[in-house]
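**Q** Mind folding the following:
(chains A, B, C and D)
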2 protein chains.
Amino acid sequence: MRIVVADCSVDYAGRLSAHLPRAKRVLMLKNDGSILVHSDGGSYKPLNWMSPPCTLAPLEPDEDQLAAGIVEAWEVTHKKTADRLIVSIFEIIQDSSHDLGVDPGLIKDGVEAHLQELLAEQIDRVGEGHTLVRREYMTPIGPVDILARDATGASVAIEIKRRGEIDGVEQLTRYLELMNRDPVLAPVQGVFAAQEIKPQARTLAEDRGIRCLLLDYDEMRGMEDKNTLF
Amino acid sequence: MRIVVADCSVDYAGRLSAHLPRAKRVLMLKNDGSILVHSDGGSYKPLNWMSPPCTLAPLEPDEDQLAAGIVEAWEVTHKKTADRLIVSIFEIIQDSSHDLGVDPGLIKDGVEAHLQELLAEQIDRVGEGHTLVRREYMTPIGPVDILARDATGASVAIEIKRRGEIDGVEQLTRYLELMNRDPVLAPVQGVFAAQEIKPQARTLAEDRGIRCLLLDYDEMRGMEDKNTLF
DNA sequence: CCGTGTATCTCGGGC
DNA sequence: GCCCGAGGTACACGG
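**A** Numbering: from 1, shown residues only, chains lettered A, B, ... in the order given. A predicted model of the protein is given here:
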C-alpha cells in the first residue's frame, strides 16, 4: 500500500468519460495495482478509481505537460477491459509505503441469508404441518427462497425479505405465475415473509392472494439456540 | 484529512454487526468526521466505515483493553441513526494530516440519456417504416422513453436501458397496461431496448409479448457522427 | 424532506 | 466463468 498526497488532475475513460480538475487529493495505491482518488468529502466512494485487476505505469510527460507544471504522470490500465485512468501530478506533498499484509477480513452477522436458514428450520411458522421441499428452488426467472408443502400437500412458495416492500411482492408474483403453470406444482400458494412489511406491500400482496408473515428474528434465533444448545 | 496507518481491530453495530480482527490497516479520517478503514485489497469499498454526518471521539481504554495492548480507541457515532463504530488501536505506525481544501468535483460525460436521443433519431432501428411520435411520452405513472408508430400506424412504446434487467420489463409492463386502456393508443406494442439484455429479463419480456432490441451504442454513435460531421 | 431510478455500483453465492 | 440478488448500498433528480 502506497499513499500519496498530491496536487493532481485525473482523467478516466471506460464505461464513461470523466475528468477531475487540478486539486490536492489523497491517492491510495493498493498492491494489486488498483488506485483510489479520495477528497476530504463524500462518503466512502472515491472521486475516481480503477478496480483490479489493473496495472500502474509511469507516463513520460511531454513538453506541453511539463510546461503546464506536470512533474509526473501515471497511467492505470485495466487488464481485461479498455478502461484507462491517467493521473497528472503537479506536486507530491507526501509519499509513503507500508506493508499491511493480508487482511483477515470482515466477519458479518445477521442478514437475510440467516433468516432464510432459520425459517427453513422452523418451517411450521408458515403454518401447522408444513414441510420443507427445498431452499432456493430454481425457476427460469430466478430462485424462490423456499418451496414448501402445507398440511394437505399443496405447494407453498415463500419469499423472504428483511424489509418487505413492493418489489418483493412483485418478485413473488412472477414466481407464482410461472410455477402455477407447472402441473406438478400447481396450485401454488404465495407467502411473503419479512421482519417488517410496509403497508403498501401488504395491501398489494393481500390483493393478490399472497399471505403475509411477520418474522421475529430474535425469537427465531432464540429457538435456534434452544435447538442447538440442548 | 488525517491518514493513520495502524495495527487495529474494528467493531461495527448498526444495520448489522461486524467485526474486523486485529491487523495493519489504513484509516482515513475525513474532515466531516467520517472514517474509512482500508486494507491492501478489495476494491474501492472499505472493509468498514462510517458515513457522515458523524462524530469521532476518543475512548478511554479500560484495564482489560490496556492489558490486551490497546493504546488508544476511537468511537465514531452517526448523528442520526444509532450506528456505532469502534476502532481499537494497538500501534500507530504513521499519522499525518493535510488540508486538502474543497474538491472541485468530478465532471462526467454520460451515456444513458444519449442512448434515448440516438434511438429517437434512428427510430427505424426498432423496425422498418417506424416513425417517432415523441420522447418522454407522459403517462399518469411516469414517462415512457419513446412512443412511436410502426409502418401500419400502430402504437409502439419503447423502454430504454443500458442494461436490461427484470425491473425494466416490469416498468414497461406497467406503462403498456395503462396505455392499452387508452382507445386512442391501443393496441400498444412494447419494445424493450438495451445495450445488454439479461436472460431472465428477456424470458420475462418475451413471455409478456414484449419485443427485445439490442442496441449497439458505438454503431449508433458512429451513425450520428456521420450525420453531424458531414 | 422523501421517493424513484441509476451505478465505472461492489460483493457474495450458485451453477 | 457467467448470472443473479442484496446492500450499512451511494448518488442525483424530481415531486
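**Q** contacts, neighbours, all on C-alpha from now
**A** OK.
**Q** can you map out the helices along chain A?
**A** A:63-68, A:112-121, A:166-179, A:199-207, A:217-229 (DSSP state H).
**Q** Close to DNA strand D: what parts of chain A are there?
**A** A:42-45, A:111-112, A:141-143, A:160-162 (CA under 7 Å from any atom of the strand).
**Q** quick one: contacts for residue A:104?
**A** When contacts are counted by CA atoms under 8 Å, 6 or more residues apart in numbering or on different chains, residue A:104 touches B:20-21, B:23.
**Q** hang on, the earlier thing: let me have the helices of chain A in TSV, extended by distance to residue A:100 and mean neighbour count.
**A** Shown next, in TSV, are the helices of chain A (distance: least, CA to CA, whole Å; neighbours: other CA atoms under 10 Å in any protein chain shown):
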stretch	distance to residue A:100	mean neighbour count
helix A:63-68	35	11
helix A:112-121	31	17
helix A:166-179	42	18
helix A:199-207	47	16
helix A:217-229	37	12
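**Q** Which segments of chain A make up each domain?
**A** Following automatic domain parsing, one gets these domains for chain A: A:2-97, A:112-229.
**Q** Quick check: which of those domains is nearest to residue B:210?
**A** When the domains of chain A are compared by CA to CA, domain A:112-229 sits nearest residue B:210, at 15.6 Å.
**Q** is chain B contacted by the closest one?
**A** Yes. Domain A:112-229 lies within reach of chain B by CA under 8 Å from any CA of the partner chain, at A:140-142.
**Q** what is the rounded mean pLDDT of that domain?
**A** Domain A:112-229 shows an average pLDDT of 84 in the prediction.
**Q** Out of the contacts of residue A:104, which end up buried?
**A** Listed as buried from the contacts of residue A:104 are B:20, B:23; burial here means 16 or more other CA atoms under 10 Å in any protein chain shown.
**Q** got the contacts of residue A:104 as TSV, with pLDDT columns?
**A** Output for the contacts of residue A:104, formatted as TSV (pLDDT from 0 to 100):
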residue	pLDDT
B:20	93
B:21	92
B:23	96
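**Q** ranges for the strands of chain A?
**A** Ranges of strands in chain A, per DSSP state E, are A:2-13, A:17-29, A:35-38, A:48-50, A:54-59, A:72-78, A:84-97, A:107-109, A:131-139, A:142-149, A:155-164, A:188-197, A:211-214.
**Q** wait, which of the ones you listed is closest to residue B:220?
**A** strand A:17-29 (17.6 Å).
**Q** Reformat the helices of chain A as CSV; add distance to residue B:201.
**A** Putting the helices of chain A into CSV (distance: least, CA to CA, whole Å) gives the following:
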stretch, distance to residue B:201
helix A:63-68, 48
helix A:112-121, 24
helix A:166-179, 12
helix A:199-207, 22
helix A:217-229, 33
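**Q** Format those as CSV; extra columns: distance to DNA strand C.
**A** Shown next, in CSV, are the helices of chain A (distance: least, CA to the nearest atom of the strand, whole Å):
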stretch, distance to DNA strand C
helix A:63-68, 22
helix A:112-121, 8
helix A:166-179, 8
helix A:199-207, 10
helix A:217-229, 19
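**Q** Quick check: the closest residue in space to residue A:125 that isn't next to it in sequence vs DNA strand D, distance?
**A** Sequence neighbours aside, residue A:119 is the residue nearest to residue A:125 in space, at 7.3 Å (criterion: CA to CA, 6 or more residues apart in numbering or on different chains). Distance check for residue A:119 against DNA strand D: by CA to the nearest atom of the strand, to the nearest Å, it reads 14 Å.
**Q** Then residue A:212?
**A** 16 Å.
**Q** same question, residue A:194
**A** Applying CA to the nearest atom of the strand, the value for residue A:194 to DNA strand D is 11 Å.
**Q** what number of residues lie near the closest residue to that residue other than its chain neighbours?
**A** Spatial nearest neighbour of residue A:194, chain neighbours left out: residue A:161 (4.8 Å); criterion: CA to CA, 6+ apart. Residue A:161 has 22 neighbours, counted by other CA atoms under 10 Å in any protein chain shown.
**Q** And residue A:98, by the same measure?
**A** Residues near residue A:98, counting by other CA under 10 Å, number 16.
**Q** which one of the domains of chain A lies closest to residue B:177?
**A** Checking the domains of chain A against residue B:177 by CA to CA gives domain A:112-229 as the closest, at 15.3 Å.
**Q** Could I get the pLDDT score of the closest residue to residue A:9 other than its chain neighbours?
**A** Nearest residue to residue A:9, sequence neighbours excluded (CA to CA, 6+ apart): residue A:22, at 4.3 Å. For residue A:22, the pLDDT comes out at 95.
**Q** and residue A:22, how many neighbours does it have?
**A** By the criterion of other CA under 10 Å, residue A:22 has 17 neighbours.
**Q** Then residue A:135?
**A** Close neighbours of residue A:135, defined as other CA under 10 Å, add up to 17.
**Q** Okay, and the beta partners of it?
**A** With DSSP bridges as the criterion, residue A:135 is bridged to residue A:146.
**Q** Isn't it up against residue A:121?
**A** No. Using CA atoms under 8 Å, residue A:135 is not in contact with residue A:121, being 10.4 Å away.
**Q** any common contacting residues for these two?
**A** Residues touching both residue A:135 and residue A:121 (CA under 8 Å, 6+ apart): none.
**Q** got a list of what whichever residue of chain A sits closest to DNA strand C touches?
**A** Closest contact between chain A and DNA strand C, by CA to the nearest atom of the strand, is at residue A:48 (3.5 Å). By CA under 8 Å, 6+ apart, the contact list for residue A:48 reads A:10, A:12, A:36-38, B:106.
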